[in-house]
Structures are given as C-alpha cells and as structure tokens.
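S.K.: Here is a sequence together with a model predicted from it:
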Amino acid sequence: MNDAIPSPSIPGAPAPVSVVVPCYRCGDTIGDAVASIAAQSRRPAEVLLVDDASGDDTLDALHRVADAYPAGWVKVIASSPNGGPSRARNLGWQQAVQPYIAFLDADDTWAPDKVAWQMAELERDPRIALIAHRMKVAPRGAAPVPVRGAVRTSVIGRRRLLLNNPFPTASVILRRDLPFRFNERFRRVEDFLLWAQIGFSGYRCVKLNQVLAYWHKPTFGAAGLSGDLDAMHRAGKEVRRELLASGLVTRGEHWFARSVGLVRRGRRRMLLLMRPATR
C-alpha cells in the first residue's frame, strides 16, 4: 500500500477526463448513469455515449439525455452495425480529446467523489497508466457508501493479474495515449484482456481501496453477456491463449491462470445453485 492520499482539492476547471459509455438498448438506465457523472464533485470534461446499433429507441433516449446538459458536454455517437462493447468503447476512445479516459457501462453508476479521488492520485503520481477501485452490487437509487478510513492505493503486479480481473470496467481511468485498444474479436472478458495487456507490458497499474462505483445487478448469473458462465469461461480461456501467444505471459503463468480459472468457475456454479435457496 502507498501512503494515504490527501483529501482531493476540487479545482474550478473540469477534470481532464473523457467518459466513454457503450450503449445497447439502455434507454431505461442511461439517464441514471449520466446523472452520476454529472454529480461528480470534480466533473469530467466530456461524456461520449456510443449507441451500438441498438435497433430500438435507445438513440433517441441518448439525445434526450444529451439535451438535458450544457451543449457539447454529452456527445452522442451512432455506430452501425452492432459490434459489441469493444468496438463501441474503441469508437468513443478514438473521438475522445482529454488525456485520460474513464469507462462507465450504461447500467452502472459512480459515487460522487470517484473522479476526484482518482485524479488526486494521478496528479500525485504521473507514472500511473491505469487506476481503478473497488465496486459493489447495490440497489438502484441507494445512497453511496461513504469513504471509510484512509484512501490508499496498491500496485497491481503480474501475480495478481494472473488470479482474476482486479479492475471492474466502471472503475477504470487510464491514459488516452496508451498503445492498446479493446480487442474487437472479444465480446466477453474483453476488458480484462486490455487491462492484462497494459499490466503485463510493464505499465504501472494501481487500485484504490474504496468502493466508488456500483453495479445494479449481480455480476454473474444475471441477464446480459456476463450471465452465460460457460461462455464467460470459454472467453477467459481465449484471453489466456491470446496473452500466451503474444508473449506477455510465460507458459507456466498460463497454466497457473488456467487452473485458477477452473476453480473460480466451480465456485460460481456453486453460488448459482445456492442462490434460489437464499432468496
């Protein structure tokens, strides 16, 4: 752990952050997501909503949300054909103009001081390429969890990256100039592949010890791409093979990560079997 981060000062200027939000049939949740960005104590400079060829009224909903804020702060990008979250995030990244990129999914929300705390550490340590934090599942509309104790960062090294994904997507802020992008062949586990490429390439990646964002549905076993555990497991295997083929991990690291993945798959299956009995 590093020393505690001093409470962030809140300058008048916006944070030099572009927020990229991939949007697919999210008309009922996107308003809450953008409201949580607007409520930041240190508001990001721009928001990019990327409609991934939803085919319903999502694009209209995005424009209504954009019109509710100062002109130009929320930008709507229409993508066709549907390319999945990787392509949508890459399109937003391509059009972003700020030195840092943050990611938020259309059904998640941020705590009000998320950007302020992350920018405080980025400004204190310019070596950082990626900074994340903890997340938790919470009912939509629930009050944010207050910061508890000293806010600290820990460096995430190779061994930690081999265990599982330590960086929830909605927690990540990274440098826009990094020479990586989301792999558009992947529609699952695409986020972890990118974080692993960054970390295994030697860039400094850190994580705050606080909950600063929220999922509003279970992180597995629910509707959506993450709901299919078998597909997620297959995607994880593909990610491990990709990292091995590119020389970013050794063969020993590959087999260690694969073993951990099998254990994690078994645990998730057990939790899913237990879930109906606990309701």
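M.R.: It's in.

S.K.: and the residue nearest to D191 when sequence neighbours are not counted, what does it touch?
M.R.: What sits nearest to D191 in space, not counting adjacent residues and going by CB to CB, 6 or more residues apart in numbering, is T169, at 4.6 Å. Using the backbone N, CA and C atoms, a C-beta is placed for each residue, glycine as well. Residues near T169 by CB atoms under 8 Å, 6 or more residues apart in numbering: 103, 105, 191.

S.K.: swap in P166?
M.R.: Counting by CB under 8 Å, 6+ apart, P166 touches 132, 156, 160, 195, 207.

S.K.: Identify the single longest strand in the protein, thanks.
M.R.: strand 204-215 (DSSP state E).

S.K.: May I have the strands that pair with that strand, each with its orientation?
M.R.: Strand 204-215 has these partner strands in its sheet, going by DSSP bridges: strand 109-110 (antiparallel), strand 128-137 (parallel), strand 153-155 (antiparallel).

S.K.: Could you report the separation of the spatially closest residue to D113 that is not a sequence neighbour from R64?
M.R.: The shortest distance from D113 to any non-neighbouring residue, by CB to CB, 6+ apart, is to S41 (5.2 Å). Going from S41 to R64 by CB to CB, to the nearest Å gives 25 Å.

S.K.: and the helix or strand just after the longest strand of the chain, which residues are buried?
M.R.: The helix or strand immediately downstream of strand 204-215 is helix 229-245, counting by DSSP states H and E. Within helix 229-245, the residues that count as buried by 16 or more other CB atoms under 10 Å are 232-233, 235-236, 238-240, 242-244.

S.K.: I'd like these laid out as CSV, including distance to L273 and pLDDT.
M.R.: Putting these into CSV (distance: CB to CB, whole Å; pLDDT from 0 to 100) gives the following:
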residue, distance to L273, pLDDT
M232, 17, 74
H233, 16, 72
A235, 22, 81
G236, 20, 82
E238, 26, 89
V239, 26, 89
R240, 26, 90
E242, 31, 92
L243, 31, 94
L244, 32, 93
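
S.K.: Tell me the one of those nearest M270?
M.R.: The closest of those to M270 turns out to be H233 (CB to CB; 14.2 Å).

S.K.: Least confident secondary structure element in this structure?
M.R.: helix 251-278 (a mean of 71; mean pLDDT, DSSP states H and E).

S.K.: On the three-state scheme, P85 is what?
M.R.: Recorded secondary structure, P85: helix (DSSP: H, G, I helix; E, B strand; the rest coil).

S.K.: What distance do you get for it to N165?
M.R.: 14 Å.

S.K.: These two: who's more crowded?
M.R.: More neighbours surround P85 than the other of P85 and N165, with 24 against 16 (other CB atoms under 10 Å).

S.K.: before we move on, the earlier item: show me which of the contacts of P166 are buried.
M.R.: 132, 156, 195, 207.

S.K.: Nearest to R187 among these?
M.R.: Among these, W195 lies closest to R187 (CB to CB), at 16.5 Å.

S.K.: Pull the contacting residues for the closest one.
M.R.: Counted by CB under 8 Å, 6+ apart, W195 has contacts 130, 161, 165-167, 172, 205.

S.K.: Quick check: which element contains it?
M.R.: helix 190-200.

S.K.: can you tell me how far the one residue sitting closest to the centre of the chain sits from R251?
M.R.: Nearest to the mean C-alpha position of the chain, by CA atoms, centre = their mean, lies T169 at 1.3 Å. Using CB to CB, we find T169 at a distance of 29 Å from R251.

S.K.: where in this structure is pLDDT low?
M.R.: Applying pLDDT under 70 to the chain picks out residues 1, 219-229, 261, 264-269, 271-272, 275-279.
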